[in-house]
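Trainee: Kindly return the folded structure for what I paste below:
(chains A and B)
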Amino acid sequence: MGDADLTQDLRERVQEAVEHKTRLRIAGSGSKAFLGLPCEGEALDMTGHRGVVNYQPSELVFTARSGTPLAEVESILGESGQMLPFEPPHFGEGATLGGTIAAALSGPRRPWTGAARDFVLGTRIINGHAQVLRLGGEVIKNVAGFDLSRLMVGAMGTLGVLLDISFKVLPKPRREVTVAHELSAAQALDKLARWGVKPIPLSGACHWDGRLYVRLSGAESAVAQAQKQIGGEVVEDAGRFWADLREQRLEFFAGEAPLWRVSVPPATPPMEDVPGAALIDWGGALRWVRAGSAPATVREAAQRAGGHATLFRGGSAEHAPFQPLPQSLMQIHKKVKHALDPENIFNRGRLYTEL
Amino acid sequence: MPAHSFDKFDRRDTVTVDKPGLAQAMRAFLPEEAVLAAPEDLRPYETDGLSAYRQTPMMVVIPRSIEEVQQAMRVCHERGVPVVARGAGTGLSGGALPLPDGVLLSLARFMSILDIDPDNRTARVQPGVRNLAISQAAEPYGLYYAPDPSSQIACTIGGNVAENSGGVHCLKYGLTTHNILKLKIVTVSGELIEVGSEALDAPGYDLLALMTGSEGLLGVTVEVTVKLLPRPEHARVVMAVFDDVERAGGAVSDIIAQGIVPAGLEMMDHLAIVAAEKYAQCGYPTDAQAILLCEVDGTEAEVAEDIERVQRVVEAYQPSEVRVSRDSAERERFWKGRKGAFPAMGRVAPDYYCMDGTIPRQHLAYVLRRMQELSEEYGQQVANVFHAGDGNLHPLILYDSAQPGELERTEALGAEILKLCVEVGGSITGEHGVGVEKISQMCDQFQPDELEQFRAVKNAFDPDGLLNPGKAVPTLHRCAEYGGMHVHKGNLPFPELERF
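Mentor: As a prediction, this is how the structure comes out:
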């Protein structure tokens, strides 16, 4: 499929939907269809709206249309030795840039370099008035106007149609090494807390099946020095391990048991009150749990620790995937939704049934 | 010095307030000294860091607890009284400029660092805590708070959140929005909400991002949880001197293209160099056209490796001189001139006006040339200090406010410079915020539909327009008046609007 700017077609489709109050379901490749609540509506196919709009490696800024395949973006950046620093999971070959941003997904590098939302500099969107708006921009610093671009990240398409997205990108680390230590989860978390206050160039830390995997990234000398400092056994073919972790291809993720994503402060002790196998990512800040137990048990444990839980795979209308919001916050969410999508046409119910 | 008062700015009609009644309602839950209404008590609050704008507030209210903030907001909400929140008042865009018919809500008493959690690398602080005080409190744990606006010894974290403040190190470490986890906010109706979480993300919309940089238009920040980072072991600076600005700009782009992310990358032009050297005597060659300061940080070995790479890159752009700091004293000396650049301007001109535009770096040479032409056209000198790594220009327009018409001419030149930044794809503000200062230039950067979208979001939080009204987001009326309305295919947007 060739590059094309379908802004006008898409705008007309939205205009029509606004006039007839038709619900729209914004669709990319469908790689994240499992995430969130199912939503009804006419499909608004974004996959034809694709191509790079602007990329100057020395500006560290990259702009592409939302239907551009994520793999294509990564390959273009790779040619200039750069990357999307939030290491996004694809969850499918056709994954698009727009879906990645709408779902706010970030990979193992996230605690040290930042999340998807941290690298979004600007977006062009179609709002619920069928207006094309340019929000933010293509410069690294820009504090003019409300930060509506970042508001789009993780909104699951409920606030508007993403057209183009501008990112800050970064050079790929010159060297990466992964080492492993045989440790229990509690020991691993304790080590990570101690390393965390030191200037060690960490870029990944995952505990699974009695082993703590630690990735170091940076200048040759910095990685060598850190390797000496933290010890451990060097993991061969570690690129595959981190990719399998990111794409949920590790054995841990296989099978049909519900998969919980529990986001907590990193030093939270192993969550023994949540039964089920657990894998720790993000240096402790992300706990994947295979639990068949009642959603309330998982959510309450996450909340007690200062975080929240998402039923990432295996959710249903009865078991809402995202952590319910306090009433006061839900009221604000509804008003924000109304401010951008007054006719409530975009991805209704995908994030929460109320939105 | 002549100054603008608030009547210059657009907002809804001023309200008629029963001032004694309001004071009484506030004093029902606040002590006498926390409610100021006498003219001599109000004067210290008439301006923030942008002293060309002055306005005495109707009343100053100084709560000590979140509950008191909630009560004060409820009182104002019931009576339809507008509220401007204020931290240390160091802002440079007039964001904390009071209203003649409004309450100025000072958060100066919120000075406690509530908790430092070294295992999770976070600090929970009240909004009136100074930026630098957080890093000082975190120091025993080897941690610090990364954003370092140049006012960091005085500015408060609450103000940093309102403005999404940056600093010299934001190319590598990000702005405020990248370095906070959670906020407690009091809404316009006095409700307490939490956005963000102690974890790295939170369910629902990213209201943390929306609140950050919203300039007090959406709520009042009453508590902030920030991220702390391990302090880098080492830092060294390369100082490269050029007799040509464009070659210095070329070196900047090339450093970044080589895959180096410097901790700081700053540039100064001739006029700024001369002033800085006169002020700080830090050894800058005063015949230079540009000086580049490139700091790299990390472990000792890493810094050595990167310094060598930076040196190799800059050498290709024929610098007249390259120096590398050998120890921290020398590093500080290299920075001394740059850090003193603003006060240094005070020595060469009675007043200066600091701009804050950003541009894609590739247009640097064009923008500097064009700025020189504008400077000659207006007959006002412009010195440039530049966060070169992230394209954030701080042109300093020199003027003398005692000369009739110079302030107005300076502002007109400033507006032209910002328009130039927008023309090349940049922004009217990189880190100082819009406030009252750049409210008209918002009409240059955004289309009417976009401004209307901002207003709809504002209405979602504050339907009566009581939170910092008249700042940050202009009305379309104002844009029509300013003449910055974009005419598309000969059709005026919003033809139903009255124009002046």
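
Trainee: What separation do you get for the closest residue to A:E247 other than its chain neighbours and chain B?
Mentor: Nearest residue to A:E247, sequence neighbours excluded (CB to CB, 6 or more residues apart in numbering or on different chains): A:P89, at 5.6 Å. Any C-beta I mention is one placed from the backbone N, CA and C, and that applies to glycine too. Going from A:P89 to chain B by CB to the nearest CB, to the nearest Å gives 14 Å.

Trainee: For A:P89, give its distance to B:D390.
Mentor: Using CB to CB, to the nearest Å, we find A:P89 at a distance of 28 Å from B:D390.

Trainee: Between those two, tell me which one has more neighbours.
Mentor: Comparing A:P89 with B:D390 by other CB atoms under 10 Å in any protein chain shown, the one with more neighbours is B:D390, at 24 against 21.

Trainee: what's the neighbour count on the nearest residue to that one once chain neighbours are set aside?
Mentor: Nearest non-adjacent residue to B:D390, counting by CB to CB, 6+ apart: A:I140, 4.1 Å away. The local packing of A:I140 (other CB under 10 Å) involves 25 other residues.

Trainee: Enumerate every residue touching A:I140.
Mentor: A:60-61, A:121, A:168, B:170-171, B:358, B:390-392 (CB atoms under 8 Å, 6 or more residues apart in numbering or on different chains).

Trainee: one more time with 10 Å, if that's ok
Mentor: A:59-61, A:121, A:168, B:166, B:170-171, B:174-175, B:358, B:360-361, B:387, B:389-392, B:427, B:430 (CB atoms under 10 Å, 6 or more residues apart in numbering or on different chains).

Trainee: Among these, which ones are in strands?
Mentor: A:61, A:121, A:168, B:387, B:392 (DSSP state E).

Trainee: what would those look like in JSON lines with neighbour count and pLDDT?
Mentor: Shown next, in JSON lines, are the ones in strands among the contacts of A:I140 (neighbours: other CB atoms under 10 Å in any protein chain shown; pLDDT from 0 to 100):
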{"residue": "A:V61", "neighbour count": "24", "pLDDT": "96"}
{"residue": "A:L121", "neighbour count": "23", "pLDDT": "97"}
{"residue": "A:K168", "neighbour count": "21", "pLDDT": "97"}
{"residue": "B:H387", "neighbour count": "25", "pLDDT": "92"}
{"residue": "B:N392", "neighbour count": "30", "pLDDT": "94"}
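
Trainee: With distance to B:A154 added, can I get these in JSON lines?
Mentor: Below are those laid out as JSON lines (distance: CB to CB, whole Å):
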{"residue": "A:V61", "distance to B:A154": "33"}
{"residue": "A:L121", "distance to B:A154": "29"}
{"residue": "A:K168", "distance to B:A154": "29"}
{"residue": "B:H387", "distance to B:A154": "20"}
{"residue": "B:N392", "distance to B:A154": "21"}
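
Trainee: Check these against B:A162 and report the nearest one.
Mentor: B:N392 (18.4 Å; CB to CB).

Trainee: burial count for the spatially closest residue to the closest one that is not a sequence neighbour?
Mentor: Excluding its sequence neighbours, the residue lying closest to B:N392 (CB to CB, 6+ apart) is B:G430, at 3.8 Å. For B:G430, the neighbour count with other CB under 10 Å is 29.

Trainee: Work out for me the element the residue nearest to B:D390 sits within.
Mentor: Element membership for A:I140, per DSSP states H and E: none, as it lies in no helix or strand.

Trainee: Check B:E40 too.
Mentor: Counting by DSSP H and E, B:E40 is part of helix B:39-42.

Trainee: Does the helix or strand containing B:A85 reach chain A?
Mentor: If you go by DSSP H and E, B:A85 is part of strand B:83-86. No - shown here: strand B:83-86 not in contact with chain A (CB under 10 Å from any CB of the partner chain), separated by at least 16.7 Å.

Trainee: I'd like to know which elements that strand is packed against.
Mentor: Contact analysis of strand B:83-86 by 3 or more CB pairs under 10 Å, 6 or more residues apart in numbering or on different chains; DSSP states H and E lists strand B:59-61, helix B:66-79, strand B:103-106, helix B:157-163, strand B:220-227 as its packing neighbours.

Trainee: Within the sheet, what are the partner strands of the shortest one, with directions?
Mentor: In this case it means strand B:59-61. strand B:35-36 (antiparallel), strand B:103-106 (parallel) (DSSP bridges).

Trainee: so what's B:R231 closest to, chain neighbours aside?
Mentor: B:Y144 (5.1 Å).

Trainee: isn't the one you found right up against B:Q136?
Mentor: Yes - B:Y144 is within contact range of B:Q136, at 8.7 Å (criterion: CB atoms under 10 Å).

Trainee: More neighbours: which of the two?
Mentor: Legend: neighbour count by other CB under 10 Å for B:Y144 and B:Q136, higher for B:Y144 (20 against 12).

Trainee: all helices for chain A, in order.
Mentor: Remark: helices assigned in chain A by DSSP state H are A:7-20, A:70-79, A:97-102, A:110-113, A:116-119, A:148-152, A:185-196, A:220-230, A:238-246, A:295-304, A:327-340.

Trainee: Relative to B:F242, which of the ones you listed is closest?
Mentor: Nearest of the helices of chain A (CB to CB): helix A:220-230, 29.2 Å.

Trainee: chain center to the closest one, what's the gap?
Mentor: Relative to the centre of its chain, helix A:220-230 is centred 29 Å away, using CA atoms, centre = their mean, to the nearest Å.

Trainee: Tell me what angle that helix forms with helix A:185-196.
Mentor: In terms of direction (axes from the mean of the first three to the mean of the last three CA atoms, to 10 degrees), helix A:220-230 departs from helix A:185-196 by 130 degrees.

Trainee: Tell me the buried residues in helix A:220-230?
Mentor: A:221-227, A:230 (16 or more other CB atoms under 10 Å in any protein chain shown).

Trainee: overlap between those and the residues near chain B?
Mentor: A:221-226.

Trainee: wait, doesn't B:G95 sit right on B:T47?
Mentor: No - judged on CB under 10 Å, B:G95 makes no contact with B:T47 at a distance of 11.5 Å.

Trainee: In terms of packing, which of the two has more residues around it?
Mentor: Applying other CB under 10 Å to B:G95 and B:T47 shows that B:G95 carries more neighbours, namely 29 against 19.

Trainee: Surely that one is within a helix?
Mentor: No - read with DSSP: H, G, I helix; E, B strand; the rest coil, B:G95 is coil and lies in no helix.

Trainee: distance of it from B:V222?
Mentor: For B:G95, the distance to B:V222 - CB to CB - is 17 Å.

Trainee: same thing with B:A146?
Mentor: 23 Å.

Trainee: Ok, B:P63 next?
Mentor: Going from B:P63 to B:V222 by CB to CB gives 9 Å.

Trainee: got any residues that touch both of these two?
Mentor: Common contact partners of B:P63 and B:V222 (CB under 10 Å, 6+ apart): B:69-70, B:107, B:110, B:186.

Trainee: If we only consider these, which is nearest to A:I125?
Mentor: B:V186 (29.8 Å).

Trainee: Tell me how many other residues surround the closest one.
Mentor: B:V186 has 26 neighbours, counted by other CB under 10 Å.

Trainee: same check, this time on B:E308
Mentor: Neighbour tally, B:E308, other CB under 10 Å: 12.

Trainee: what helix or strand does it sit in?
Mentor: With DSSP H and E as the test, B:E308 turns up in helix B:300-315.

Trainee: mind checking how far that helix is from the chain centre?
Mentor: For helix B:300-315, the separation from the chain centroid amounts to 31 Å (computed by CA atoms, centre = their mean).

Trainee: So is that helix next to chain A?
Mentor: Yes - residues of helix B:300-315 contacting chain A under CB under 10 Å from any CB: B:300-306, B:309.

Trainee: Can I get those in JSON lines including neighbour count and distance to B:A85?
Mentor: Formatted as JSON lines, the residues of helix B:300-315 next to chain A follow (neighbours: other CB atoms under 10 Å in any protein chain shown; distance: CB to CB, whole Å):
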{"residue": "B:E300", "neighbour count": "13", "distance to B:A85": "44"}
{"residue": "B:A301", "neighbour count": "18", "distance to B:A85": "46"}
{"residue": "B:E302", "neighbour count": "25", "distance to B:A85": "42"}
{"residue": "B:V303", "neighbour count": "22", "distance to B:A85": "41"}
{"residue": "B:A304", "neighbour count": "15", "distance to B:A85": "46"}
{"residue": "B:E305", "neighbour count": "20", "distance to B:A85": "46"}
{"residue": "B:D306", "neighbour count": "27", "distance to B:A85": "41"}
{"residue": "B:R309", "neighbour count": "17", "distance to B:A85": "45"}
